[in-house]
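Engineer: got a structure for you, letters missing:
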Ligand code: MIC
Ligand code: SF4
């Protein structure tokens, strides 16, 4: 039997394990990326590992999240990252150079290679045929040190794209349709591999929009073939020599298949507060819009912004709408400036922000109370915009631009002729904001500001694990619930004690105080607990608050890995009905925890308050169990090195 693309890349990088669904495998990592909001922690952990120089083919540190400098904290973190990366052999992409995923796609991503990034949207590089996976900072630190990345061999789901998109229907609508079909947990344990005649009708940036939001499906990653379209993009980026073809064999096996007829799609919208709450723009109707935001790693490419510029050219944004635009990279930004499109955007009334994540992660541009905000981003989780009462809708740049003009949610097909924008033959190449590391790292002094505080490290798992249930939650709790971000909190990503006072406050504002006075305990969750971001703060902060275990119906992949890396037990109910039985305040105990974990995959949790017992699963590989028993990956690595 032939091989699919995923199997081909994994086989080339396989360090241990068998490529069979459900088995633990380890793969070598060619490149890593970090961004600043997860990077400080990743580099602190890398330093703690005591390795003198990175051992990857290329590692890049981006600064794109914390670029608002309302106090010294963010600038201090930038200094820390710039010096620590110079010392250890990592390229540093300065603030102003753009969003990590957009820049990586333009300048570094390579078909057939592997990339591990401390950001959940790392799969953006799948648009160029790279196996690109998001992970917690500690996993990325290990990969920088030359260690392999361990994962459970996912299923491979083929998404066959038939036909061609109609004018005004875009790559964003393709992935919104897939979210409608699969939901935010439909991709868990899977890699999405795109195929079919429709693939060749999509440019690399359009493919990257699709792989980017595969993160919202919960998928391990998403990938497109590498073909002549890929070659043309890489040529235009002056990187044709790095191109290789990559296709699945004709008789390749897939675990699942979904067919999407591109010609039947129409403009779509994800409604509050979940990326899978999808309907057509037509069905949702002309709701009044207060804010429109174009940008983020999903939709901030040259093509995206040129189309927006063409739509707005010679017109004026509706008086009741605030339109903000953040270009994805310096390359995009300067090309728009040179060809005059930037002037058209400014003239139409757009507020131009720097090329960074910006409003996508709540760094400014919080909407007004109860406002409707249309965004070309990938996440519309509750509270993420900085205004909990705001209603955020996710749309394509075309829908965003059309609606910015009319002041209501608008199907752009009503605008008439679709502006034709071609991929340029050559992009503007100027890597002057990517600073290479020092050749002699030993002489570089790492600068640490006062905002950088030590991070918590767990202890070996005790025989008896006990505590009360400090909070009981429902399905699809996001890492934005567990550890909120935004302009007020992101500056403290290297200060766990400070962040602790905000943990889970979007669910229950009294949680941090309760956890502190109880000295820790358990959390109970529903399905897909921890979906969203790769931020390991969503595990480190609970660890700091003394959380010993989370019992849920199911977990999102990266968050579960982060819990294990922190030595927090990620337990799933063997019988989901037991979820209904547990209440906040119940006292739980796991006796002989170490023995039980070594003996099997099922543990008994006693509910002392109710005098009941529950079976919970901890079905982990022997290596992961050892990590839990050692009190996390750092202790485990120290013990075994
Ligand atoms: C996000 O989109 O939520 C982020 C901010 O990029 C995160 C990383 C973080 O929390 O710092 C992600 O997606 O991993
Ligand atoms: Fe940045 Fe938003 Fe992309 Fe996260 S999703 S990397 S915050 S642009």
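Structural biologist: Perfect, thanks for sending it. Computed from a prediction, not measured in an experiment: that's the story for all the values here. Ligands and ions are numbered 1, 2, ... in the order given.
Engineer: CA only for contacts and neighbour counts going forward, please
Structural biologist: OK.
Engineer: Residue 342 belongs to a helix, doesn't it?
Structural biologist: Yes. Applying DSSP: H, G, I helix; E, B strand; the rest coil, one finds residue 342 inside a helix.
Engineer: Could you list the buried residues of the helix or strand hosting residue 86?
Structural biologist: Per DSSP states H and E, residue 86 falls inside helix 72-88. Of the residues in helix 72-88, 73-78, 80-88 count as buried by neighbour count, 16 or more other C-alpha atoms under 10 Å.
Engineer: now do stretch 41-56
Structural biologist: Buried residues in stretch 41-56 (16+ other C-alpha under 10 Å): 41, 42, 43, 44, 45, 46, 49, 53, 54, 55, 56.
Engineer: where's the dip in pLDDT among the residues you listed?
Structural biologist: Across these, the member with the lowest pLDDT is residue 49, scoring 90.
Engineer: wouldn't that one be in contact with residue 638 here?
Structural biologist: Yes. If you go by C-alpha atoms under 8 Å, residue 49 and residue 638 touch, sitting 7.5 Å apart.
Engineer: Look through every helix and strand of the chain and give the one with the lowest mean pLDDT.
Structural biologist: Least confident helix or strand of the chain, by mean pLDDT, DSSP states H and E, is helix 633-640 with a mean of 89.
Engineer: Leaving out sequence neighbours, find the closest residue to the residue positioned nearest the centre of the chain.
Structural biologist: Central residue of the chain (C-alpha atoms, centre = their mean): residue 120, 1.9 Å from the mean position. In space, and not counting its chain neighbours, residue 120 is closest to residue 134: 4.4 Å by C-alpha to C-alpha, 6 or more residues apart in numbering.
Engineer: now the strands for the stretch 351-500 of the chain?
Structural biologist: Here the stretch 351-500 of the chain has its strands, by DSSP state E, counting those that start in this stretch, at 351-352, 372-375, 391-394, 434-435, 465-472.
Engineer: Near ligand 1, which residues of this protein? Just list them.
Structural biologist: Contacts of the chain with ligand 1, taken as C-alpha under 6 Å from any ligand atom, map to 37, 38, 119, 120, 121, 361, 533, 534, 535.
Engineer: of all these, which comes closest to residue 67?
Structural biologist: residue 37 (10.0 Å; C-alpha to C-alpha).
Engineer: Give me the neighbour count for the closest one.
Structural biologist: 26 (other C-alpha atoms under 10 Å).
Engineer: in terms of contact, does it touch residue 66 like I think?
Structural biologist: Yes. Between residue 37 and residue 66 there is a contact at 6.6 Å, judged by C-alpha under 8 Å.
Engineer: what do the two both touch?
Structural biologist: Counting by C-alpha atoms under 8 Å, 6 or more residues apart in numbering, the residues touching both residue 37 and residue 66 are 490, 491.
Engineer: Around the residue in the stretch 351-500 of the chain positioned nearest to ligand 1, count how many other residues there are.
Structural biologist: Nearest residue of the stretch 351-500 of the chain to ligand 1 (C-alpha to the nearest ligand atom) works out as residue 361 at 5.6 Å. Residues near residue 361, counting by other C-alpha under 10 Å, number 24.
Engineer: pretty sure it contacts residue 64?
Structural biologist: No. Under the criterion of C-alpha under 8 Å, residue 361 is not in contact with residue 64, lying 10.4 Å apart.
Engineer: if we can go back for a sec, residue contacts, the residue of the stretch 351-500 of the chain closest to ligand 1?
Structural biologist: 65, 384, 385, 485, 486.
Engineer: now, which of those residues sits nearest residue 332?
Structural biologist: residue 65 (17.7 Å).
Engineer: what about that closest one, distance to residue 393?
Structural biologist: Distance of residue 65 to residue 393, given as C-alpha to C-alpha, to the nearest Å: 21 Å.
Engineer: Residue 199 too?
Structural biologist: For residue 199, the distance to residue 393 - C-alpha to C-alpha - is 27 Å.
Engineer: Settle it for me: which of those two has more neighbours?
Structural biologist: residue 393 (28 against 21).
Engineer: Report pLDDT for that one.
Structural biologist: 99.
Engineer: and which of the contacts of residue 361 is nearest ligand 2?
Structural biologist: Looking across the contacts of residue 361 and measuring by C-alpha to the nearest ligand atom, the closest to ligand 2 is residue 65, at 6.0 Å.
Engineer: Please tell me I have it right and the closest one contacts residue 358.
Structural biologist: Yes. Here residue 65 reaches residue 358: they are 6.7 Å apart, a contact under C-alpha under 8 Å.
Engineer: Excluding chain neighbours, give the residue nearest to residue 474 in space.
Structural biologist: residue 526 (4.7 Å).
Engineer: Now do the closest residue to residue 290 other than its chain neighbours: how many residues are near it, please.
Structural biologist: Among residues not flanking residue 290 along the chain, residue 321 sits closest, at 4.7 Å (C-alpha to C-alpha, 6+ apart). For residue 321, the neighbour count with other C-alpha under 10 Å is 22.
Engineer: dump the residue contacts of residue 321.
Structural biologist: 289, 290, 291, 292, 404, 407.
Engineer: gap between the nearest residue in space to residue 327 that is not next to it in sequence and residue 301?
Structural biologist: Using C-alpha to C-alpha, 6+ apart and skipping residues adjacent in sequence, the residue nearest residue 327 is residue 355, 4.8 Å away. For residue 355, the distance to residue 301 equals 11 Å [C-alpha to C-alpha].
Engineer: Find the residues that touch each one of these two.
Structural biologist: Joint contacts of residue 355 and residue 301 (C-alpha under 8 Å, 6+ apart) are 327, 328, 329.
Engineer: ok, the second one - how many residues close by?
Structural biologist: Using other C-alpha under 10 Å, residue 328 has 32 neighbouring residues.
Engineer: pretty sure it is in contact with residue 296, am I right?
Structural biologist: Yes. Between residue 328 and residue 296 there is a contact at 6.5 Å, judged by C-alpha under 8 Å.
Engineer: mind listing what the closest residue to ligand 2 within the stretch 101-250 of the chain touches?
Structural biologist: At 6.0 Å from ligand 2, residue 121 is the closest residue in the stretch 101-250 of the chain, using C-alpha to the nearest ligand atom. Residue 121 sits next to 101, 134, 212, 213, 215, 297 when contact means C-alpha under 8 Å, 6+ apart.
Engineer: I figured the second one was touching residue 536, is that so?
Structural biologist: No. The pair residue 134 / residue 536 is not scored as a contact, 11.5 Å apart, by C-alpha under 8 Å.
Engineer: where does residue 575 sit relative to ligand 1, distance-wise?
Structural biologist: Residue 575 sits at a distance of 31 Å from ligand 1 (criterion: C-alpha to the nearest ligand atom, to the nearest Å).
Engineer: okay, residue 375: pLDDT?
Structural biologist: 99.
Engineer: who's it bridged to?
Structural biologist: residue 293, residue 394 (DSSP bridges).
Engineer: Can you report how many residues neighbour it?
Structural biologist: With other C-alpha under 10 Å as criterion, residue 375 counts 30.
Engineer: With residue 299 instead?
Structural biologist: 30.
Engineer: Next: residue 258.
Structural biologist: Using other C-alpha under 10 Å: residue 258 sits among 14 other residues.
Engineer: One more: residue 137?
Structural biologist: Neighbourhood size, residue 137 [other C-alpha under 10 Å]: 32.
Engineer: In which helix or strand does the nearest residue in space to it that is not next to it in sequence reside?
Structural biologist: Nearest non-adjacent residue to residue 137, counting by C-alpha to C-alpha, 6+ apart: residue 42, 4.3 Å away. Per DSSP H and E, residue 42 falls inside helix 36-49.
Engineer: hmm, that helix in reach of ligand 2?
Structural biologist: No. Taking C-alpha under 6 Å from any ligand atom as the criterion, helix 36-49 and ligand 2 are apart, separated by no less than 9.1 Å.
Engineer: Which residues does that helix contact?
Structural biologist: Residues from elsewhere that reach helix 36-49 (C-alpha under 8 Å, 6+ apart): 34, 61-66, 77-78, 80-81, 84, 118-119, 136-138, 140-142, 144-145, 455, 490-491, 493-494, 535-536, 634, 638.
Engineer: Which element is encountered next along the chain beyond that helix?
Structural biologist: Next element after helix 36-49 (DSSP H and E): strand 58-62.
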